[in-house]
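[1] okay, sequence plus prediction incoming.
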Protein chains: 2
Amino acid sequence: MAIREQVQASLGVLPGAEKKVAHAFLANYPSIGLSTIAELAALAGTSAPTVLRFVSRLGFASYPEFQRTLRADVQSQLMSPLERARSAGPASDNPALEASFAAIAANLQATVKAVPESEFEAACELLADHRSACYCLGGRFTDAIAAYMAAHLRIIRPNVSHFGGQTSTWRDQLLDVRPGDVAVLFDIRRYQSDLVRLGELLVERKARILLITDPWLSPIARSARVVLPCVVDANRTWDSSVALLALVEALIDRVSRAQGDAARARMQTLEDIHWNNLAGR
Amino acid sequence: MAIREQVQASLGVLPGAEKKVAHAFLANYPSIGLSTIAELAALAGTSAPTVLRFVSRLGFASYPEFQRTLRADVQSQLMSPLERARSAGPASDNPALEASFAAIAANLQATVKAVPESEFEAACELLADHRSACYCLGGRFTDAIAAYMAAHLRIIRPNVSHFGGQTSTWRDQLLDVRPGDVAVLFDIRRYQSDLVRLGELLVERKARILLITDPWLSPIARSARVVLPCVVDANRTWDSSVALLALVEALIDRVSRAQGDAARARMQTLEDIHWNNLAGR
DNA sequence: TCAATACTGTAATTTTTATTACAGGCATCA
DNA sequence: TGATGCCTGTAATAAAAATTACAGTATTGA
C-alpha cells in the first residue's frame, strides 16, 4: 500500500496533533514529506516530536526510513506511464463552459479524496447536536457559502445563526457564544487575519470549531476540532468555491437524513410559515 | 526550466566525475536527488565534494537549495490537477460523500449541455457593460449565490450591488434602477412569488434581465433578456445550487479574462485597499 | 471530583549530513 | 621536461537534522 493511502487509512485513529500532521502531509504530498521534520511540523502547526510519533505510528522505525519509502513511492508514480486517456466527455456546443466545468469536476473529485469519512462523520455529529448553538461564518467570498449553509441548517435544527455583516459586529455576536457551541468557519487562502483572530476568540470561549478550508489549511486548523479540506484551485484569477458548496450540501443532506421524522415535522412547520405567511399554528 | 532539462543541457561542459553524477541523477530521477549527498555520490561512484561541485555548477548555492527546487519540480509534475485526480484511482474511503459528489458532477455535465454558447456569451456581454449598473438578487436559498456573484463582480467592474436583505426593502432599492441596467436574477423551483413580482417591476423599469434558473424555467423567463438554465435536481430533500455557483464562476472568469489589463488595474487597487486597509491612493 | 492515562511541546542530546580545507594526480602547453 | 591550472578524493569541521527525556496539560473513566 502506498504511503498516502496508509496515512488516509490511519486518519481515524490518530490523536489531534498527529492528525494535523497527516492533513498537512496529504495536502502537500509528496514534497513536504521529502523535506525535513521541522518543516512538516511547522506546516502542520505542531512540533517535531509529534511528527516523529506520527511516522512511528505508521510503522516506520525512523524518519529517514519513512522518507526512503516515500521516495520509492514517488519514483514509481512519476516514472510509470503517465499519459492516460482522458474520459472524453460527450460533445457540447460550448467549449469554454465545458473547460470551466471540467476543471470544477476535477476539483470535486479531488475533494472527495481529501475528505476522510471519519472527519465527515465527525462534522455531521457536530452539526446534529441540537443542544449547542451553531454559528456559520466565512471570509470575504466564502461568507456567501456560510449564509447558504445557515439558511439550510436552520430548517433542520434550532439555534442556527449566520455570523454575518461587518467584521466589527462580530465581537458583539461573540457575547452569545457559550462553551460547547459549534462554529462553522469557512476560510480559504489569503486567509483573513480578522477571521483567524475570531477563530481564536471562539476557541477561548470554548466553542467547537468545524473548519472548511483548502488543502493549504488555514491557520485556524490548529484550533479546529474537525477540518474538512476542499480543493479550490481551478487555474483562474480567483479560487473556486464550488467544492465548498458541494461539501456543505452533502453535510446538510447527511444530517437531515440522519434525523428522520423528528426533523421532518420541524421542516414542515417551517415550510408552512414560509410559504403561507402564517405566524405558526 | 525543470532541473532535469537543466542537467541535460549542462552535460557537455561537465568534468568527468561530475558527469557521472549527472548521469546517476538522470537515471534515477528524481528519487536519488531527494536523498543525501553521500548516496548520490556512492551511486555515481564518486565523492561527496564532487556532487557538491556539480550542484554548485548548476547555479545552486547549496545542496538543500537544489533539493528544494527538485521537490517543487516533483510536486508540480506529480500533482497537476489531472494527475491528482488519477493517482489515487476511483477508490475513496468515503462512499457517502462520493455518491453525493457524483450526483453533483452529473448535474454539472447536464448543465453544460443545457446552456448554449450563444446564451452564455450574451450573458457575458451584459455583465461586461460598464455603463449600466448591475444588480444581483436571488430567492430564499439562491440569495447567497447572488451575494457571491456580486462580491466577485464588484472587483472587475463598477456599479455592482447585491439586492439584499428583506423582501420589503427591495422596493426602496428599486428606485435606483435606470433603463438599461442589468439585473441578474436567481430563481429555482418553488419560485417565490415576490421574486417573480420583482422581476416584473424590473422589466417595467426597462432593466435588462439575466435569469439563472432551473430547466423548468421560472416564470420570470418570459421577461428575461438572457436565460441560463442549470440542472439542480440531485435526488435530495432540497435542490442543489452547485451548478448555479459553477456557472457564476464561469461567467466571472470569462468576463474578467475578456477585460484584460484595464480590469487588472482596478483589481489591483481594490486588493490593495482590501488587504492593507488603505483608503486608496 | 479525583486519579489515571494519553497527548503534546520544550529543550537537551546524539546522530547524521553538508561543507570546507587541503594535497595528490593528470593533462596541457611551453 | 617542467610548470601551470584544473579535477578529484580524503579527512577535518561546521551545520543541521533527528531523536530522546522530561514535564506540563488536557481527557477519560470511576
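    It's in.

[2] now do the closest residue to DNA strand C within the stretch 151-281 of chain A against B:Pro116, distance only.
    Going by Cβ to the nearest atom of the strand, DNA strand C is nearest to A:Arg222 of the stretch 151-281 of chain A, at 7.6 Å. (C-beta placed from N, C-alpha, C; glycine too.) A:Arg222 sits 48 Å away from B:Pro116, taking Cβ to Cβ, to the nearest Å as the criterion.

[3] higher neighbour count, these two?
    Between A:Arg222 and B:Pro116, counting by other Cβ atoms under 10 Å in any protein chain shown, A:Arg222 is the more crowded of the two (20 against 15).

[4] ok, now how distant is the more buried one from B:Asn94?
    24 Å.

[5] A:Ser100 contacts B:Ile252, correct?
    No - the criterion here is Cβ atoms under 8 Å, and A:Ser100 misses it with B:Ile252 at 10.1 Å.

[6] so if I had to pick from these two, which one is more boxed in?
    Between A:Ser100 and B:Ile252, counted using other Cβ under 10 Å, the more crowded position is A:Ser100 (25 against 22).

[7] what angle sits between the helix or strand harbouring that one and helix B:95-114?
    A:Ser100 is part of helix A:95-114, with elements assigned from DSSP states H and E. If you take axes from the mean of the first three to the mean of the last three Cα atoms, to 10 degrees, helix A:95-114 sits at 180 degrees to helix B:95-114.

[8] give me the residues contacting the very next helix or strand once past helix A:95-114.
    Per DSSP H and E, the first helix or strand lying C-terminal to helix A:95-114 is helix A:117-128. The contact list for helix A:117-128 (Cβ atoms under 8 Å, 6 or more residues apart in numbering or on different chains) reads A:11-12, A:134, A:153, A:157, A:182, A:184, A:208, A:210, A:225-228, A:250-251, A:254-255, A:258-259, B:93-97.

[9] from those, which land in strands?
    A:Cys134, A:Val182, A:Val184, A:Arg208, A:Leu210, A:Val226, A:Val227, A:Leu228 (DSSP state E).

[10] which one of these is nearest to B:Ala38?
    Closest approach to B:Ala38 among the ones in strands among the contacts of helix A:117-128 (Cβ to Cβ): A:Val227, at 38.5 Å.

[11] count the neighbours of that closest one for me.
    Neighbour number of A:Val227 under other Cβ under 10 Å is 23.

[12] so it touches A:Thr213, yeah?
    Yes - under the criterion of Cβ under 8 Å, A:Val227 makes contact with A:Thr213 at 6.7 Å.

[13] before we move on, what SS does A:His29 have?
    Check again: residue A:29 is Tyr, not His. Following DSSP: H, G, I helix; E, B strand; the rest coil, A:Tyr29 is assigned to coil.

[14] next: A:Thr46.
    coil.

[15] now it, nearest residue through space, not along the chain?
    Of all residues not flanking A:Thr46 in the chain, A:Ala17 sits nearest, at 4.6 Å (Cβ to Cβ, 6 or more residues apart in numbering or on different chains).

[16] and A:Ser240, how far is that from A:Leu228?
    16 Å.

[17] cool, and A:Glu119?
    Going from A:Glu119 to A:Leu228 by Cβ to Cβ gives 6 Å.

[18] which of these two has more residues huddled nearby?
    Applying other Cβ under 10 Å to A:Glu119 and A:Leu228 shows that A:Leu228 carries more neighbours, namely 26 against 21.

[19] residues contacting the more buried one?
    A:Leu228 neighbours (Cβ under 8 Å, 6+ apart): A:Val115, A:Glu119, A:Phe120, A:Ala123, A:Leu210, A:Leu211, A:Ile212, A:Thr213, A:Leu247.

[20] export those residues to a markdown table and tack on pLDDT?
    Listed next are the contacts of A:Leu228 as a markdown table, based on pLDDT from 0 to 100:
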| residue | pLDDT |
| --- | --- |
| A:Val115 | 87 |
| A:Glu119 | 88 |
| A:Phe120 | 91 |
| A:Ala123 | 93 |
| A:Leu210 | 94 |
| A:Leu211 | 92 |
| A:Ile212 | 94 |
| A:Thr213 | 92 |
| A:Leu247 | 96 |
